[in-house]
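In: next input, structure requested:
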Amino acid sequence: MRVGLHRLVAACSSLVAAPVLIALAGCGTAKVAANSANAVFAISPGAAAMDTNCSACNGTNGRGLPVHRFAATLASGTAAPVTWSVSGGDPAAGPGRITAAGEYSPPAYLTADTAQVVVTARLLGNPRVSAAARITITPGFLQPLTPENVALGANGAVTVTAKLALAGGSSGVHFALSGTPTGTGPGQGTLSVPACQRSAKAFTSCSVTYTAPSAIAATGIAYLLAIAPGSGSGDGARTDAQILLNTAGVASNPVGHQGQLATLMPLGSSGGNNNDYDARGNTIADCCSGTLGSLVQDNSGRQYLLSNNHVLARSDHATVGDLIVQPGLVDNNCTPSGEGPGTVPVGALTAWLPLKSPQTNADAAIAQVASRTVDANGAILELGARQPDGTLAAAPPGVASTGGKGENGALQMRVAKSGRTTGLTCGSISAVSLDVSVDYYRDCAETRPYFTKTFTNQVAMSGDRFSDAGDSGSLVVDANNAEPVGLFFAGGADIAGVGHGVANPAPDVLNQLAAQTGNGASFSFVGGADHGVSCLSYGDSTVSSAQATPLNDGQIQRAQRALAAARLLINPAIGILGVSMGKSTDHPGQAAVILYVDENAGANVPTTVEGVRTLVIPTSTRAVSMGIAPLANAVSAAPVLGGAALAQALAVKRQAARGLMKNPAFFGVGVGQSLDNPREAALVIYVDRMRIPSALPATISGLRTRYIIMDRLHVTRSYAPAVQSSRHCLPGAAENGGFDPSRMELPLDLK
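Out: The predicted structure is shown next:
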């Protein structure tokens with residue numbers, strides 16, 4: 001995922017424009033009249049209140065994004081044939097937009113404390129018959145907190161900033177500490193008095209300093225909550241930052257990955273193509289960036305930056321020789337190199353794997369390194385050892401074990417990545433041999449679809465806060481030895497908020513780049529001795545969130561019927577100690593029959609009882625008899641799958657994947673481990689949360705299934721527009737900051 005930043009701009013009359021201040025007011029607007037019914041039809045709701053994040057919105061659209069749904073109904077109760085339109089709104093941001101189906105999305109920002117929008121429905125065939133609803137919009141968050149995750153030891157401190165889509169005005173942000181993301185329970189540490197900056201020419205920015213407790217008994221998470229002003233229907237927009245309080249005393253802040261670095265710079269930092277912006281007329285409307293992941297070299301010793309095609313080559317829309325800059329434009333106010341300061345040209349785009357080619361199976365690109373810009377040893381931010389002040393040193397990846405060719409990922413392998421947005425984070429490999437469909441766009445704003453590509457035999461990872469938009473291009477390494485495992489390129493969160501990411505296998509990336517460039521070229525990762533990585537894990541709430549999902553009445557009744565049959569299976573002589581009702585972790589929201597089995601025996605148990613999934617939990621006779629046996633399995637306690645079980649699962653996946661992927665409800669199929677019975681493999685199936693089938697089988701060809709329900713994967717995700725204090729036009733063709741990529745020495749076949 002690359003991250004995008006939108007800018008408020010106006011048409012310019014010359015290629016180089018002088019700064020023009022944007023005058024924004026910080027005041028409210030008067031209410032507008034609206035009649036929601038007429039003699040023919042009525043629209044509902046007749047009034048609504050929300051913020052610019054669509055907090056308090058009543059539905060989601062086909063991409064899973066929040067919208068407010070309006071309906072037009074005839075007196076008979078049937079749907080009225082109408083056309084929809086919106087008016088009013090913010091003088092700069094406009095009224096938002098509404099689809100033909102009546103799905104309303106608010107503007108992304110406001111230049112006043114409130115805005116009034118009128119939603120109008122007109123009868124088809126007689127537009128003079130109309131009805132209208134009024135929407136009151138207040139500011140909401142436009143981006144996650146900065147930083148959105150951070151690691152601290154005892155007495156460590158960090159300043160966290162929140163921005164409101166409000167220029168001027170008097171509103172601020174309320175900060176609070178909690179032990180949970182929902183705000184229940186006290187949180188460890190202390191907060192300073194918040195400080196807000198307000199201006200008629202910029203968004204309201206509120207900051208607070210968090211200080212960790214003087215003693216940390218055990219590594220865990222503290223949540224810093226930020227709440228915007230209420231929208232008129234309860235609390236306003238809410239977001240949080242996770243603070244990893246750790247006993248090791250490690251201090252890690254992703255903000256250090258986002259700014260301009262001193263040369264010779266390490267990797268794992270913000271970067272991208274100098275042309276990675278959307279143009280509106282001859283002005284820059286918004287921009288995108290990702291991560292400069294690692295350093296590779298060819299067999300002649302020439303070095304290249306490695307990242308994704310969609311980061312360096314703009315999803316096939318770049319040109320050989322394009323300037324690659326650090327930091328990326330998103331971290332430089334969308335100001336390209338040559339138009340203003342703030343970026344360093346670090347390379348020239350050399351080659352990429354075309355997404356539309358059926359012969360490519362990775363999202364990768366390379367850029368030849370500019371002289372005296374990048375650390376030639378391939379150091380990556382925070383990949384090294386803890387330093388005396390608690391920070392982590394930059395260090396190269398390990399290459400000793402594989403000769404720089406990378407190693408293959410395996411289920412449960414602990415992996416780490418160093419990326420632009422979330423910094424150094426750790427997770428675990430949750431699926432291998434993953435076939436996954438990923439959406440690409442021509443623009444940062446994701447308004448122009450380009451191509452949907454299906455990749456095969458990819459590696460999937462899971463973990464809370466493992467990645468976010470802007471981490472695309474990060475090198476994924478084995479946390480035990482820092483050997484390259486994959487190139488991160490897509491991800492998202494499931495309906496419970498658990499993070500899932502996908503990486504191209506590292507050996508495949510190198511082999512495909514070699515095939516693409518031709519002329520006998522080969523590539524290897526630049527690095528050093530193998531070494532461990534200080535794994536910063538924010539946990540994995542897969543099990544806890546699944547177990548917290550309520551069961552409906554139908555599921556409870558099914559489980560009760562199955563429980564009667566399950567009692568007949570109890571036989572301590574064969575290792576089945578007891579049964580109970582429970583919840584499936586492989587399919588959240590589904591009931592399960594818990595089978596307690598002897599932890600010292602290998603009991604054979606069915607995958608289902610009366611069509612209900614079984615949840616197999618190893619325990620002791622004493623725990624069952626005393627009623628203290630657990631209700632779910634822990635991810636961290638899962639045993640390593642045997643080779644035979646894995647091979648059988650891979651065979652089932654190869655047979656089933658193509659058929660499953662033909663169904664638009666499914667966009668990924670791989671092999672993982674069952675969480676209902678970790679001793680068994682499972683077919684891991686990614687389900688589009690907007691197209692969930694009415695029935696999802698518990699097994700396929702005798703293999704357990706595990707469902708991950710989330711939005712379809714896409715590699716760009718732009719955060720909302722930012723009001724700036726200046727506007728500028730597209731950079732002139734001759735303006736390149738003094739760095740001419742045409743003077744770089746490129747491979748002969750790429751010149």
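In: report all helices and strands that the helix or strand hosting residue 682 contacts.
Out: Remark: residue 682 resides in strand 681-688, with elements defined by DSSP states H and E. Of the remaining helices and strands, those touching strand 681-688 by 3 or more CB pairs under 8 Å, 6 or more residues apart in numbering; DSSP states H and E are strand 423-441, helix 643-661, strand 666-673, strand 703-710. Where C-beta positions appear, they are placed from N, C-alpha and C, glycine not excepted.
In: show me what whatever helix or strand comes next after that strand pairs with in its sheet, parallel or antiparallel.
Out: For strand 681-688, the following helix or strand on the C-terminal side (DSSP H and E) is strand 699-700. Using DSSP bridges, strand 699-700 pairs in its sheet with strand 703-710 (antiparallel).
In: what's the angle between the strand it pairs with and helix 643-661?
Out: Using axes from the mean of the first three to the mean of the last three CA atoms, to 10 degrees, the direction of strand 703-710 lies 50 degrees away from that of helix 643-661.
In: list the buried ones in strand 703-710?
Out: Residues of strand 703-710 classed as buried under the neighbour-count rule (16 or more other CB atoms under 10 Å) are 703-710.
In: quick one, that strand and strand 423-441 angle?
Out: Computed by the same axes, to 10 degrees, the angle separating strand 703-710 from strand 423-441 equals 90 degrees.
In: what sits up against strand 703-710?
Out: 492-495, 500, 586-588, 607, 648-649, 652, 668, 672, 674-677, 680-687, 689, 692, 696-699 (CB atoms under 8 Å, 6 or more residues apart in numbering).
In: out of these, which are buried?
Out: Buried subset of these (neighbour count, 16+ other CB under 10 Å): 492-495, 500, 586-588, 607, 648-649, 652, 668, 672, 674-677, 680-687, 689, 698.
In: confidence-wise, which of the buried residues of strand 703-710 comes last?
Out: Per-residue confidence over the buried residues of strand 703-710 reaches its minimum at residue 710, where pLDDT is 88.
In: and residue 695, how far is that from residue 129?
Out: Residue 695 sits 43 Å away from residue 129 when distances are taken as CB to CB, to the nearest Å.
In: what of residue 357?
Out: Remark: distance between residue 357 and residue 129 (CB to CB) = 53 Å.
In: give me the more crowded residue out of the two.
Out: Of the pair residue 357 and residue 129, residue 129 is the one with more neighbours under other CB atoms under 10 Å, namely 16 against 11.
In: contacting residues around the more buried one?
Out: By CB under 8 Å, 6+ apart, the contact set of residue 129 is 38-41, 122-123.
In: so which helix or strand takes in it?
Out: Using DSSP H and E, the secondary-structure element containing residue 129 is strand 126-138.
In: who are the packing partners of the helix or strand that comes right after that strand?
Out: Elements were assigned by DSSP H and E; along the chain past strand 126-138, the next helix or strand is strand 149-152. Applying 3+ CB pairs under 8 Å, 6+ apart, we find strand 149-152 packed against strand 157-167, strand 238-245.
In: what's the closest of those to residue 326?
Out: Closest approach to residue 326 among these (CB to CB): strand 157-167, 22.3 Å.
In: relative to strand 126-138, how tilted is the closest one?
Out: For the pair strand 157-167 and strand 126-138, the angle between their directions (the same axes, to 10 degrees) equals 150 degrees.
In: strand 157-167 - what's its average pLDDT?
Out: Here the mean pLDDT over strand 157-167 is 86, rounded to a whole number.
In: now swap in stretch 683-692 and tell me
Out: When pLDDT is averaged along stretch 683-692, the result is 91.
In: could I get it in PDB with only the CA atoms?
Out: Extracted C-alpha coordinates of stretch 683-692, given in PDB (Å, rounded to 0.1, in the frame of the first residue of the first chain):
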ATOM      1  CA  LEU A 683      -7.800 -23.600   3.600                       C
ATOM      2  CA  VAL A 684      -7.500 -19.900   4.300                       C
ATOM      3  CA  ILE A 685     -10.200 -18.000   2.200                       C
ATOM      4  CA  TYR A 686     -10.400 -14.200   2.000                       C
ATOM      5  CA  VAL A 687     -14.000 -13.100   1.600                       C
ATOM      6  CA  ASP A 688     -15.200  -9.700   0.300                       C
ATOM      7  CA  ARG A 689     -17.200  -8.300   3.300                       C
ATOM      8  CA  MET A 690     -19.700  -6.800   0.800                       C
ATOM      9  CA  ARG A 691     -20.400 -10.100  -0.900                       C
ATOM     10  CA  ILE A 692     -20.500 -12.700   1.900                       C
END
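In: go ahead and name everything in contact with that stretch.
Out: 60-64, 430-431, 434, 436, 460, 495, 500, 649, 652-653, 656, 660, 664-672, 693, 696, 700, 703-713.
In: check the offset of it from the chain's centre.
Out: Relative to the centre of its chain, stretch 683-692 is centred 17 Å away, using CA atoms, centre = their mean, to the nearest Å.
In: thought residue 472 was touching residue 488?
Out: Yes. Contact status for residue 472 versus residue 488: in contact at 6.5 Å, counting by CB atoms under 8 Å.
In: the two: who's more crowded?
Out: Ranked by neighbour count (other CB under 10 Å), residue 472 and residue 488 place residue 472 first, with 33 against 30.
In: and the more buried one, what pLDDT?
Out: Residue 472 is given a pLDDT of 95.
In: how close does it sit to residue 290?
Out: Distance of residue 472 to residue 290, computed by CB to CB: 4 Å.
In: overlap of the contact sets of the two?
Out: For the pair residue 472 and residue 290, residues contacting each of them under the criterion CB under 8 Å, 6+ apart are 1-2, 307-308, 310-311.
In: now these in a markdown table, please, with extra columns for pLDDT and neighbour count.
Out: Rendered in a markdown table, the data for these read as follows (pLDDT from 0 to 100; neighbours: other CB atoms under 10 Å):
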| residue | pLDDT | neighbour count |
| --- | --- | --- |
| 1 | 69 | 31 |
| 2 | 72 | 34 |
| 307 | 98 | 34 |
| 308 | 97 | 30 |
| 310 | 96 | 34 |
| 311 | 96 | 36 |
